[in-house]
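> sequence plus predicted model, see below.
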Amino acid sequence: MIGIVASALWFSIGLLLSAFVWAEISRKRENKMASGWIDREEYLRRIAASERELLTLQIQREREMAAVERKELYNRIQAYDPNVGNFTPPDYVAPPSRPGEATVEPRSFSEDDLGQMGLVTQADGMIRDTRNDELFESVEDWRSWQADLKKRNLPENVRPSIALGKGWEEAFAVAKQETAERKAARAAKN
């Protein structure tokens, strides 16, 4: 009987010892895997930080290039229309356009930008000049018309529809008559 108890005791000691060794091996494996995960996470963090830094530098370069482009664009606008004056450029970046150069995409103007030019966007998408109530399809068309007026030394309230239909002299005469009527109406009110 003592032999059975002794063998059972040795068997249980062996079982406990093997369980302890197995637990120690599992703990070392877990520690190794955890340190591998920590190293991998640190590596991924360094990669993400370097990518963020590169993207930040790229965004900064793009902003600087856009600022130079905006400055050049506003210098061109002032060259064509010196009455524009100095104003703060808007937050968006518009593609550059010169007379005769095709624009890549339509430019968008805020209500303030259009108001500075004396233009109003209508519900149908047309742009109305508040000085002569004429409609233009785009701001570039309006600028082209303004360049024609400036080249011919005509007032801003000359209507393109009359100029194209009846000629420049007739358009100038109509604009002059409308101006005189407005002045007479103002004088009558006062």
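Everything's here; your move. Numbers count the residues shown, from 1 in each chain.
> what about the helices in the chain?
Under the criterion DSSP state H, the chain contains helices at 2-80, 111-117, 139-152, 160-166, 168-189.
> which one of those has the lowest average pLDDT?
Between the helices of the chain, the lowest average pLDDT goes to helix 111-117, which shows a mean of 76.
> chain center to that helix, what's the gap?
Here helix 111-117 is found 18 Å from its chain centre; the criterion is CA atoms, centre = their mean, to the nearest Å.
> from here on, call the first residue 642.
I'll keep to 642 as the first residue from here, and by that count the last item is helix 752-758.
> keeping just the C-alphas, turn that helix into PDB.
Presented in PDB, the C-alpha positions along helix 752-758 are these (Å, rounded to 0.1, in the frame of the first residue of the first chain):
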ATOM      1  CA  GLU A 752     -21.000  86.700 -53.200                       C
ATOM      2  CA  ASP A 753     -18.500  89.200 -51.800                       C
ATOM      3  CA  ASP A 754     -16.200  88.700 -54.800                       C
ATOM      4  CA  LEU A 755     -19.100  89.200 -57.200                       C
ATOM      5  CA  GLY A 756     -20.300  92.200 -55.200                       C
ATOM      6  CA  GLN A 757     -16.900  93.900 -55.500                       C
ATOM      7  CA  MET A 758     -17.200  93.500 -59.200                       C
END
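> that helix - contacts with which helices or strands?
Contact here means 3 or more CB pairs under 8 Å, 6 or more residues apart in numbering; DSSP states H and E; on that basis helix 752-758 packs against strand 760-762, helix 780-793. C-beta: built from backbone N, CA, C; applies to glycine.
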